[in-house]
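Visitor: coords please:
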Amino acid sequence: MAEIGVEVAYAGPEGQVVLKLGVPEGTTAWQAVQQAAPALPAGVMPDPTRIGIFAKKVPPERVLEEGDRVELYRPLTLDPMEARRRRALRGA
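Guide: Below you'll find the model as predicted:
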């Protein structure tokens with residue numbers, strides 16, 4: 001089976017990591033995340049419902065293609081509507 005090159009990326013308060021991986025064709029996004037997990041910053045717990053490829057959310061079973069960058073997304077710390085309300089109050 002042929003191998004393809006992909007990346008797994010994470011950015012957060014714990015640090016930023018971009019890992020280049022060689023994976024077999026047919027590898028899913030979640031399988032690539034699992035392969036990269038040991039190299040992620042301490043305390044980062046990947047969630048299969050919070051992954052994407054090039055800023056577009058994808059299901060964990062999405063089969064990767066050559067050059068894909070799997071991104072791990074963090075949970076929101078503040079609801080976007082609440083953040084907007086707070087900004088509006090400061091500007092008033």
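Visitor: Rank the helices and strands of this structure by mean pLDDT and give me the bottom one.
Guide: Here the helix or strand of the chain ranked lowest by mean pLDDT, DSSP states H and E is helix 80-91, holding a mean of 86.
Visitor: What sits closest to the most centrally placed residue in the chain if chain neighbours are left out?
Guide: Among the residues of the chain, the one closest to the centroid is Leu72, at 1.5 Å (CA atoms, centre = their mean). Residue nearest to Leu72 in three dimensions, not counting chain neighbours: Tyr10, with 4.4 Å by CB to CB, 6 or more residues apart in numbering. Bear in mind the C-beta positions are built from the backbone N, C-alpha and C, glycine included.
Visitor: Likewise for Tyr73?
Guide: Per CB to CB, 6+ apart, closest to Tyr73 is Arg50, 4.2 Å.
Visitor: for Glu3, same thing?
Guide: Nearest in space to Glu3, with sequence neighbours left out and distances taken as CB to CB, 6+ apart, is Gly22 at 4.8 Å.
Visitor: Would you give the sheet partners of the helix or strand that neighbour falls within, along with the direction of each?
Guide: If you go by DSSP states H and E, Gly22 is part of strand 15-24. Strand 15-24 pairs in its sheet with strand 3-12 (antiparallel), by DSSP bridges.
Visitor: now what about the strand it pairs with, what contacts it?
Guide: 16-25, 27, 32-33, 35-36, 40-41, 44, 64-72, 74 (CB atoms under 8 Å, 6 or more residues apart in numbering).
Visitor: What's the end-to-end length of stretch 4-22?
Guide: Stretch 4-22 has an end-to-end distance of 6 Å (criterion: CA to CA, to the nearest Å).
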